[in-house]
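3D model of this:
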Amino acid sequence: MSARTKLGSWVCPSGNGVDVFLEPASGEDIRRVMCAWDTAPPLSEVDYVYYSALILPTIVRRVQEYLERPCRAAVVVL
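Below you'll find the model as predicted:
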């Protein structure tokens, strides 16, 4: 089993930071994306908008680049 891969780090407008990791494959065709927040969600409205508009699309793009294929869907749970 390979190690998890860091996809990036971001700081929301409130100052709450998040490190995002792509977890190793677990034998299924599903890879988990884990978000390690400085302060656990729920996020403020401003941070949620920032996450939805900027962070999440970047995560999806980086997963696609890492896997070298387009993803049909990527779901990130806060």
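
list the buried residues of the strand or helix carrying Arg61.
Per DSSP states H and E, Arg61 falls inside helix 56-67. By neighbour count on 16 or more other CB atoms under 10 Å, the buried set for helix 56-67 is Leu56, Ile59, Val60, Arg62, Val63. Quick note: C-beta positions are derived from backbone N, CA and C, even for glycine.

can you add distance to Ser9 and give those back as CSV?
As requested, the buried residues of helix 56-67 are exported to CSV (distance: CB to CB, whole Å):
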residue, distance to Ser9
Leu56, 14
Ile59, 11
Val60, 16
Arg62, 12
Val63, 15
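
report the helix or strand with the lowest average pLDDT across the protein.
With mean pLDDT, DSSP states H and E as the measure, the helix or strand of the chain carrying the lowest mean pLDDT is helix 56-67 (a mean of 88).

now do the contacts for Trp10.
Residues near Trp10 by CB atoms under 8 Å, 6 or more residues apart in numbering: Gly17, Val18, Val20, Leu54, Ile55, Thr58.

which element, helix or strand, includes the second one?
When you say that, I think you mean Val18. Taking DSSP H and E as the criterion, Val18 maps to strand 17-22.
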